[in-house]
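> Whatever this is, show me its structure:
(4 chains)
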2 protein chains.
Amino acid sequence: MKRDSRLSGVLHVLLHMAEHKGPMTSEVLAQAMCTNPVVIRRIMAGLRDRGYVRSEKGHGGGWTIARDLSTVTLRDVYEALGRPPLLAMGNRTEAPGCLVEQAVNAALGETFEAAETLLLSRLGEITLAELGADFHRRLSARGGRENLDAIHPAPAA
Amino acid sequence: MKRDSRLSGVLHVLLHMAEHKGPMTSEVLAQAMCTNPVVIRRIMAGLRDRGYVRSEKGHGGGWTIARDLSTVTLRDVYEALGRPPLLAMGNRTEAPGCLVEQAVNAALGETFEAAETLLLSRLGEITLAELGADFHRRLSARGGRENLDAIHPAPAA
DNA sequence: AGAACATGTAACATGTAAAGTTACATGAAA
DNA sequence: TTTCATGTAACTTTACATGTTACATGTTCT
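The predicted structure is shown next:
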């Protein structure tokens, strides 16, 4: 089953925005993510509705961080995406009258629920500011000479 | 994202087999699972290779439990399926040279790994025999008058 | 031996959801 | 008023689990 990478992607975009002065267009962000501007707008829509980012049209427009990153957790971002499924496996739901199915679903259900709870809890403990700090640690360790805008090269013409 | 229900399905099949005297054909199991005999053979192949079940051809053939169910955990079954992905979300892996990506992947990776570890650990603590026992508890609670072979009705002709 | 049965497996078809794309409307700045 | 940028609907593509068909292999019964 193919994994959903929207959370990873949107976090990536947010950190790039945080490191950038002024608005960034969907186009620029899309290149950084090797994807399409529309995809960027799509995954950013939920964040905008919740006030984590702001978007502006016209010349000099684009996306801007709208909240102190220390007040936004990874869980907040996850929920802004619409709470997509966390687990790749689930219970069959046909034949709920079958006692075998009930026994299987009970055992698996508890297990899956525990994992989801753990995931949400962990995501809720990590703020975007902490991710940014981790990035800066890595940057210093590398000598602080990273050119962020050049890391994701545009595809050859 | 659509959830993979093969684990749930194969557990269902195994419990039905455990409650049934003698071999069960892929055809019968497929009807119970509202699916196709070939699908049954596919998800059972890994279990057969590991010796959890045995298959026999010809008249009176079909599938049989080949191991004491108290020696087989849900994790064993999961691994016999080929360890399909447990989580629906994953890290983007493009641009590993980007420090932003590294910071994001590190945080998400730890979180995802913790959840996977928890899932595998829990699955490893539940044996098929325990699932069977749970089924029998439910059966008694309902009066013990369940007709297993009639619960999953064949589609109307 | 021959017919009926059941698994083993490759090859192909279908359903579904994320990701990617196109097209165009809305609104802001030069 | 032209250019730029987002907003969004509609469509295409891609990936993969699932479903199906076809046929080979092997087993049991008569």
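> contacts, neighbours, all on C-alpha from now
OK.
> Show me where chain A has its strands.
Assigned by DSSP state E, the strands in chain A fall at A:53-56, A:62-65.
> CA atoms only for the first one - export them in CSV, please.
Going back to what we said before, that points to strand A:53-56. What follows is strand A:53-56, C-alpha atoms only, in CSV (Å, rounded to 0.1, in the frame of the first residue of the first chain):
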residue,chain,number,x,y,z
VAL,A,53,-0.5,30.3,7.3
ARG,A,54,-1.8,33.2,5.3
SER,A,55,-2.0,33.5,1.5
GLU,A,56,-2.0,36.6,-0.6
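> What's the mean pLDDT across it?
In this model, strand A:53-56 has an average pLDDT of 95.
> the helices in chain A, which residues?
For chain A, helices defined by DSSP state H occupy the ranges A:6-18, A:26-32, A:37-49, A:74-80, A:99-123, A:128-141, A:148-151.
> Make CSV out of these and add distance to residue B:60.
Below are the helices of chain A laid out as CSV (distance: least, C-alpha to C-alpha, whole Å):
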stretch, distance to residue B:60
helix A:6-18, 51
helix A:26-32, 60
helix A:37-49, 56
helix A:74-80, 53
helix A:99-123, 24
helix A:128-141, 62
helix A:148-151, 64
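> For these, could you give me CSV that also reports distance to chain B, mean neighbour count and mean pLDDT?
Shown next, in CSV, are these (distance: least, C-alpha to the nearest C-alpha, whole Å; neighbours: other C-alpha atoms under 10 Å in any protein chain shown; pLDDT from 0 to 100):
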stretch, distance to chain B, mean neighbour count, mean pLDDT
helix A:6-18, 5, 21, 90
helix A:26-32, 9, 19, 91
helix A:37-49, 14, 17, 94
helix A:74-80, 9, 21, 94
helix A:99-123, 5, 19, 90
helix A:128-141, 5, 17, 92
helix A:148-151, 6, 13, 51
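> is it possible to export those to TSV including distance to DNA strand D?
Putting these into TSV (distance: least, C-alpha to the nearest atom of the strand, whole Å) gives the following:
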stretch	distance to DNA strand D
helix A:6-18	11
helix A:26-32	4
helix A:37-49	5
helix A:74-80	14
helix A:99-123	15
helix A:128-141	21
helix A:148-151	16
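> All good on my end, thank you.
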